[in-house]
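Trainee: let's see this in three dimensions:
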Amino acid sequence: MFGGKGRTVELDELDRRILRELQKDARRTNRDLAAEVGVAPSTSLERVRGLRRKGVVRGYRAEVDLAALGRAVQAMIAIRIRPPSRRNIEAFRAWVSQLPETVGVFVTSGRQDFLVHVAVPDTDGLYAFVIDRLTQRPEVADVETSVVYEHRRTVAVEPVRRPHPDR
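Mentor: Numbers count the residues shown, from 1 in each chain. Below you'll find the model as predicted:
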């Protein structure tokens, strides 16, 4: 099963294998993907199309080395918005998402409203981002910055296996 925005999509073992392999290398040919999971290329192609149609596969992206792009310093910045209205939350989310330093934006619960992942050239760039950009926003009440020493991504995220209702 796959959950997202309140919907659940049933994934069988073949879908799971295809999804795992696509996450490892989405640039491989359909023929190579089919051989890896042990099916005919036509079956593989139809299954991948089905995963896209169902919204399980949302797109394909290149993974880049942030340091090679001149953004060697990463940080996670926890931000509290005041007053915490829908209008302020949505406006801040839209603004921070479009900034070139922003790698990812998480809207969270708890003490902080946002966790923003940024990548900047150096610590001076991080300081300028926090002081000159974030704290200048009137709705930003609090900012807590944590420098990222190392960032590792999981190569393939497995769908949650739900117990079968008959068991």
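
Trainee: what about the closest residue to E63 other than its chain neighbours, how many residues nearby?
Mentor: Nearest non-adjacent residue to E63, counting by Cβ to Cβ, 6 or more residues apart in numbering: R153, 7.6 Å away. Bear in mind the C-beta positions are built from the backbone N, C-alpha and C, glycine included. Residues within reach of R153, counting by other Cβ atoms under 10 Å, total 7.

Trainee: please put the alpha-carbon coordinates of stretch 63-80 into CSV.
Mentor: Extracted C-alpha coordinates of stretch 63-80, given in CSV (Å, rounded to 0.1, in the frame of the first residue of the first chain):
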residue,chain,number,x,y,z
GLU,A,63,20.7,14.2,-7.7
VAL,A,64,23.3,16.9,-7.5
ASP,A,65,26.4,17.4,-5.3
LEU,A,66,25.6,20.7,-3.5
ALA,A,67,29.3,21.3,-2.8
ALA,A,68,30.1,21.0,-6.5
LEU,A,69,27.5,23.7,-7.1
GLY,A,70,29.3,26.0,-4.6
ARG,A,71,26.9,25.3,-1.8
ALA,A,72,29.2,23.4,0.7
VAL,A,73,27.4,24.5,3.9
GLN,A,74,24.0,23.0,4.6
ALA,A,75,21.7,23.8,7.6
MET,A,76,18.3,22.9,9.0
ILE,A,77,16.5,26.0,10.2
ALA,A,78,13.6,25.7,12.6
ILE,A,79,11.2,28.7,12.2
ARG,A,80,8.3,29.8,14.3
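
Trainee: which residues touch it?
Mentor: Residues from elsewhere that reach stretch 63-80 (Cβ atoms under 8 Å, 6 or more residues apart in numbering): 92, 96, 101, 103, 111-123, 125-126, 130, 134, 140-148, 151, 153.

Trainee: thinking again about what came up before, quick one: the residue nearest to E63 and R17, what's the gap?
Mentor: As judged by Cβ to Cβ, to the nearest Å, R153 and R17 stand 20 Å apart.
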